[in-house]
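Enquirer: what follows is a predicted protein model with its sequence.
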Amino acid sequence: MNPHRERPVTQRPPTRVAGRRTSPAEQSRLRRQAAAGRMFVPSALTILAICAGMTSIRFAMNDNINAALGLLVAAALLDGIDGRVARLMGATTKIGAEIDSLADVINFGVVPAFLVYLTLLDGTDLGWLLALIYCCAIVLRLARFNTLLDDDDAPAYTRDFFVGVPAPAAAIGALLPVGLLQQFGTGWWTSLAAVGIWLMLVAFLAVSRIPTASLKASKVSARALPGLLLLVAIGAALLLTFPYVLMVIAIVGYAIHIPFAWRSRRWVASRPEHWDAAPKERRAERRALAREGSGRRVMPRRRQAMKKSDGRLGLHRPTRPEDPGRRPS
């Protein structure tokens, strides 16, 4: 045998796909097509969200406010699921993230500003100025959000909080005067001063560094599932009967949670040993420290039961006799 003879190159045998053999080149082409299909679905959802948001402006121009707000809610729902669909399908791409960010600018910055202006501020230069300020605030808020995503050195606990009010929540908050108009008619809440102050407050919360809770980090336990389903049923009933009342309740509830989120983030930021802990573990530690700091001693259940039994039987520990020379206070 010739030792310098080259060994034959072994080729990968073709595989069968749907009853026929495919070559490695065809397999690579099929994989590229599958990857393109996975990337198409979440990006298509984002494009549909943009179309829904822009169409809501058209309905608002035709004085169909209910349809306009409904389309904006649909755009918010599509925006909320496109990212999750991309992660589930393994189709997260940089271009998809850029499209999603641009869609947020349109749906939660441009569209709410137009709806408020066309409904309550039309014909006033000050109203147009307020709409511009709100839209620019949302753009600045999203730009900062994108830069924070690239910060790999941020502690783990920062994923549980947003910096400022997120753009979807800010959009719903900005539309509160429109919802009050649809539910209760005109009043002081539809005046230029009230709408302007509220719009500036929402814009400030969007660009501020006030922490708000992130629902992405929250987990639902099996014990809390029945109560959560009941809340979903109540919300669905209100959505079908009194949608603007549900809108007001949601905005008030979100505003109430902000002080608690600020306190929680401040607590964990001052304790580096809890930065990598789960939110549930941090809450348990805070409760334990609160019990210790209150000065109350946690008594075991058996000791509590014995104390209650002694009280029912009239068995009390004898008290120390007072000093006869001591004057009562």
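Expert: Yep, it's here. None of these values were measured; they are calculated from a predicted model.
Enquirer: next, count neighbours for residue 104.
Expert: By the criterion of other C-beta atoms under 10 Å, residue 104 has 27 neighbours. C-beta coordinates here come from the backbone N, C-alpha and C atoms, glycine included.
Enquirer: for the closest residue to it other than its chain neighbours, give its distance to residue 185.
Expert: Excluding its sequence neighbours, the residue lying closest to residue 104 (C-beta to C-beta, 6 or more residues apart in numbering) is residue 167, at 5.0 Å. Distance of residue 167 to residue 185, computed by C-beta to C-beta, to the nearest Å: 29 Å.
Enquirer: do residue 131 as well
Expert: From residue 131 to residue 185 the distance is 22 Å (C-beta to C-beta).
Enquirer: more crowded one of these two?
Expert: residue 131 (21 against 9).
Enquirer: for the more buried one, what is the enclosing helix or strand?
Expert: Assessed by DSSP states H and E, residue 131 sits inside helix 125-149.
Enquirer: swap in residue 212?
Expert: Assigned by DSSP H and E, residue 212 falls within strand 211-213.
Enquirer: and the helix or strand that comes right after that strand, how far out from the chain middle?
Expert: Downstream of strand 211-213, the next assigned helix or strand under DSSP H and E is helix 225-241. Centroid separation between helix 225-241 and its chain, computed with C-alpha atoms, centre = their mean, to the nearest Å, is 18 Å.
Enquirer: my guess is the residue nearest to residue 104 contacts residue 111, does it?
Expert: No - the pair residue 167 / residue 111 is not scored as a contact, 11.1 Å apart, by C-beta atoms under 8 Å.
Enquirer: distance of residue 103 from residue 76?
Expert: Taken as C-beta to C-beta, the span from residue 103 to residue 76 is 11 Å.
Enquirer: any shared contact partners between the two?
Expert: Shared contacts of residue 103 and residue 76, defined by C-beta atoms under 8 Å, 6 or more residues apart in numbering, comprise residue 49.
Enquirer: of those two, which one has the most company?
Expert: residue 103 (23 against 20).
Enquirer: just list the residues touching that one, thanks.
Expert: Contacts of residue 103 by C-beta under 8 Å, 6+ apart are 46, 47, 49, 50, 53, 79.
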